[in-house]
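Undergrad: just a sequence and a predicted model for now, questions to come.
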Amino acid sequence: MIPEGGDPGHWLFIITSSVLALGVAASLVRLVQGPTLADRVVALDLIGFLLLGVLAAFSIVTQRPSVLFVVVVAALILFLGTAAFAIYLDRRWKQ
Amino acid sequence: MSPIDFVTAGLMFLGAFFGMIAGVGIVRMPDLYMRMQSATKAGTLGILCIVLAAATHFQTADVVIKASLTLLFLGGTAPIASHLIARAAYDSGVELWSKTRDDRGSTGRPAVHEAVDEGADAEGSGDSGTKA
């Protein structure tokens, strides 16, 4: 079912990443038309989550377990970015 | 084509499905706070399914450790980030949905907008609303 050689054009990866890309497209809509800055931050956060899912699916289909390190580190950096945005929102309100 | 491959493929499809549900929620929900719960919960569940699929596919010690680390970090940090954004947005006055019912006035606690407005200047005089 999953090839030994590691083929990124495998149907499993095509289906998974295109379904995740629908979610990315939906959150891009919210990123463009979000009425407040917090909406846009939430949409960016979700885009980062979905790209992490694409990366994990890529590591499964191409048989490269070391790509999962990228998923771990990117999850941490995503949290740092969102926390920085939240602090910025808070500070902008207090001025 | 072992049975474990079916588990892997099923977990990947389930994760992608939850990711798409998060995207639908972030467009269709009427309110920032509802959008945020949709994105955080469904998005986290989607990634956790795909990372679990990686753990069931490779079945080696280092992949299982990486998958548990991802589980731990994402499950620990996504609620914190969501809480930070929700608090900052609520403090800076992002509106609730017009049909949201606020019943905190009837339970003895101050209503939402009173609490926000009087929070700064009524601290020293001891607000009686919270004691009731």
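TA: All right, it came through fine. It should be emphasised that the depicted structure is a prediction, and the values quoted were computed from it without experimental measurement.

Undergrad: how about the helices in the chain?
TA: If you meant another chain, say so; for now it's chain A. Defined through DSSP state H, the helices belonging to chain A, from first to last, are A:11-33, A:37-61, A:67-94.

Undergrad: correction: the question concerned chain B.
TA: Remark: helices assigned in chain B by DSSP H are B:3-28, B:32-58, B:61-91, B:112-118.

Undergrad: tell me the most buried of those helices?
TA: Ranked by mean neighbour count, these are led by helix B:32-58 with a mean of 23 (mean count of other Cβ atoms under 10 Å in any protein chain shown). (C-beta placed from N, C-alpha, C; glycine too.)

Undergrad: before we move on, back to that, which one of the helices of chain A is the most hemmed in?
TA: For those, the stretch with the most neighbours on average is helix A:37-61, a mean of 24; neighbours defined as mean count of other Cβ under 10 Å.

Undergrad: so where's chain A shaky on pLDDT?
TA: Judged against pLDDT under 70, the low-scoring parts of chain A cover residues A:1-6, A:8-9.

Undergrad: circling back: and the helices of chain B, which one is worst for confidence?
TA: Between these, the one with the least mean pLDDT is helix B:112-118; it has a mean of 51.

Undergrad: just give the closest residue to residue 41, not the sequence neighbours.
TA: All of this refers to chain A. Take A:Val41 and drop its neighbours on the chain: the residue closest to it by Cβ to Cβ, 6 or more residues apart in numbering or on different chains is A:Phe85, 4.6 Å away.

Undergrad: that was the other one, I meant chain B.
TA: Taking Cβ to Cβ, 6+ apart as the measure, B:Lys41 lies nearest to B:Ala22, with 7.9 Å between them; neighbours along the chain are not counted.

Undergrad: B:Ala55 too?
TA: On the basis of Cβ to Cβ, 6+ apart, the spatially nearest residue to B:Ala55 that is not a chain neighbour turns out to be B:Ala67, at 4.0 Å.

Undergrad: what sits against that neighbour?
TA: A:Leu68, B:Val51, B:Leu52, B:Ala54, B:Ala55 (Cβ atoms under 8 Å, 6 or more residues apart in numbering or on different chains).

Undergrad: which members of those residues are the farthest-apart pair?
TA: Of all pairs drawn from the contacts of B:Ala67, the greatest distance, 11.9 Å, lies between A:Leu68 and B:Leu52 (Cβ to Cβ).
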